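Trainee: This is a predicted model, with the sequence first.
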Amino acid sequence: MLAGCGGAAGDPPGDAGPCETDCPGDGPDAGPGVVPDADPGPGLACDPPGPDVMAVTLAHAELPADLAEAAAVPVSEAEASAAGAVPYEVLTEDVSAASAIPAVTCLPGLETEIVLRWGNLPPLPPPAATEWVDVGGYVAVSEGEIELVRALRWDGPSDPGAPRPRVDVVAPQTDPRVLRFSSSIGSGSDGLLVRIRRPVIEPVALEVKLGDAVQTYPLEEHMSLHIVSGGWDLPVGQAMIDAYLQRETAGCYAETGRLAGTWTYASQGGGTALDRFSGTIARAGGAMEPIAFEGAPDLAGPYGTFAGTAGSAGAAVDGYYGRHWLFGQYEPAGLVVGRIAEPGVVGGSGEEEFFIALYDGNDLPGSVAFRRVACDAPGAEHESDFLF
């Protein structure tokens, strides 16, 4: 398990050990004992990002059919008693995804922690339960891995008098992309605290099944800093996803601008697919640079891709967007991930610029462009704007 630079996965924020003063990825002349960006040294966990840090592809934008089929198989009695099965930990207090973040991350944009919780959730008073309801299912990603940190249970004050019909567990993990679980809900709730990693910045679907209900999200929707997502209709209660992303990083990043413009839609995906974005990047000092890109016609799961140009020299722009899922359908809203390559620059050389933005209707209510920089560069911070 990767614990981040100098801190354990369960350490509180700020308790980073030696990494607070001795982080790999710092720039030259950044202080005694600090490793320069240009020469991170062999074997360090926080090597600078390589040329494949981002992939604009829909190859992993939805769960493969064989993975979805295997994930949907209910947990058997044999699995419940097998080595590697994890029972639920009975709790009385709430658990936040922030409790599992590393003290400093070497993997901005690649790793996130979430709490998935289902059943009768506070602050609503729990009902009196006369029977146990099966809400077993799975949580899966289309690429990467899911690590179980804790299996969580909150018993209700008015659970059925009869014992649960089975021993509920998280089944032994046979595929790193999926966690299967059994769950019997009375007046309480169950949950999972998990860590999700993807190998590169690319479209990756997060799919959750609870009972017969299935929802598929763009992973970025649950990588943003402390987002709570609900809106499920389950046989009993509701579901909630609490996400927390560690933004304090070993390497350094600098903001380079903000995007503004107009987002328009094509007919695909019920009118939620990108047709075109046309706008500007506002640079420090007031300079404005044009940027425009068009959506590709194909969609996969919650995702689509785009390509275009930026600046007077026509730097290449590419990226992808993930549509939000709400009340059983995708919305004309979501999150954009893009990169701008300077003309003639080889991908991943360090000269690329990246941007993220929230889009809602025709507007971008929030955006930022940034670069990975040496830590002695102007505006450098040990904080990632969500990626790289």
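Mentor: Sure, I can see it.

Trainee: Find me the pLDDT at G211, would you?
Mentor: In this prediction, G211 carries a pLDDT score of 95.

Trainee: Isn't it up against G119?
Mentor: No: taking contacts as CB atoms under 8 Å, G211 lies outside contact range of G119: 10.8 Å. Where C-beta positions appear, they are placed from N, C-alpha and C, glycine not excepted.

Trainee: Between these two, tell me which one has more neighbours.
Mentor: Neighbour tally, G211 and G119, criterion other CB atoms under 10 Å: the higher count belongs to G119, 27 against 19.

Trainee: In the stretch 151-300 of the chain, where is pLDDT below threshold?
Mentor: The model of the stretch 151-300 of the chain has pLDDT under 70 over residues 231.

Trainee: can we see that at 50?
Mentor: Counting by pLDDT under 50, the stretch 151-300 of the chain contains no low-confidence range.

Trainee: Strands of that one, start to end?
Mentor: Secondary structure of the stretch 151-300 of the chain (DSSP state E, counting those that start in this stretch): strands located at 169-170, 178-181, 184-185, 189-197, 205-210, 213-218, 227-229, 238-244, 248-265, 274-282, 288-300.

Trainee: Can you tell me which of the ones you listed is nearest to A313?
Mentor: Comparing the strands of the stretch 151-300 of the chain against A313 with CB to CB, the closest turns out to be strand 288-300 (9.7 Å).

Trainee: Let me know the next secondary structure element after the closest one.
Mentor: Proceeding N to C from strand 288-300, the next assigned helix or strand is strand 303-310, under DSSP states H and E.

Trainee: contact partners of that following strand?
Mentor: Counting by CB atoms under 8 Å, 6 or more residues apart in numbering, the neighbours of strand 303-310 from elsewhere in the structure are 56-58, 61, 203, 205, 218, 268-269, 273-274, 277, 281, 289-296, 298, 315-323, 338, 340.

Trainee: neighbouring strands for it, and are they parallel or not?
Mentor: Using DSSP bridges, the strands paired with strand 303-310 in its sheet are strand 288-300 (antiparallel), strand 315-326 (antiparallel).

Trainee: list the contacts for the spatially most central residue of the chain?
Mentor: Centroid-nearest residue in the chain, with CA atoms, centre = their mean: M223, separated by 3.0 Å. When the contact criterion is CB under 8 Å, 6+ apart, the partners of M223 are G109, T112, A243, L245, F386.

Trainee: So of the residues you listed, which two are at opposite extremes in space?
Mentor: Within the contacts of M223, two members stand farthest from each other by CB to CB: G109 and A243, at 13.4 Å.

Trainee: Report the buried members of the contacts of strand 303-310.
Mentor: 56, 58, 61, 203, 205, 218, 268-269, 273-274, 277, 281, 289, 291, 293-296, 315-323, 338, 340 (16 or more other CB atoms under 10 Å).

Trainee: Give the burial count for N362, as a bare number.
Mentor: Applying other CB under 10 Å, we find 12 residues neighbouring N362.

Trainee: Check whether it really touches G261, as I assumed.
Mentor: No: the pair N362 / G261 is not scored as a contact, 9.2 Å apart, by CB under 8 Å.

Trainee: Which parts of the stretch 51-200 of the chain are helices?
Mentor: Chain-ordered helices for the stretch 51-200 of the chain, with DSSP state H, counting those that start in this stretch as the definition, fall at 65-71, 77-80.

Trainee: Show me the one of those helices that comes nearest Y253.
Mentor: Taking CB to CB as the measure, these were each checked against Y253, and helix 65-71 came out nearest at 33.7 Å.

Trainee: List the buried residues of that closest one.
Mentor: When burial is assessed from 16+ other CB under 10 Å, helix 65-71 yields the following buried residues: L67, A68, A70, A71.

Trainee: same deal with stretch 81-99?
Mentor: Taking 16+ other CB under 10 Å as the criterion, stretch 81-99 shows A85, V86, Y88, V95, A97, A98, S99 as buried.

Trainee: Looking at these, which is nearest G161?
Mentor: Distance from G161 was checked for each of the buried residues of stretch 81-99 by CB to CB. The minimum falls on Y88, at 19.8 Å.

Trainee: mind pulling up the phi and psi values for the closest one?
Mentor: Recorded main-chain torsions at Y88 are phi -80, psi 140, according to degrees, to the nearest 10.

Trainee: Tell me the spacing between it and L148.
Mentor: 11 Å (CB to CB, to the nearest Å).

Trainee: Run through who's touching stretch 57-72.
Mentor: Contacts to stretch 57-72, defined as CB under 8 Å, 6+ apart, come from residues 137-138, 140, 142-143, 175, 177-178, 180, 202-205, 207, 209, 216, 298-305, 320.
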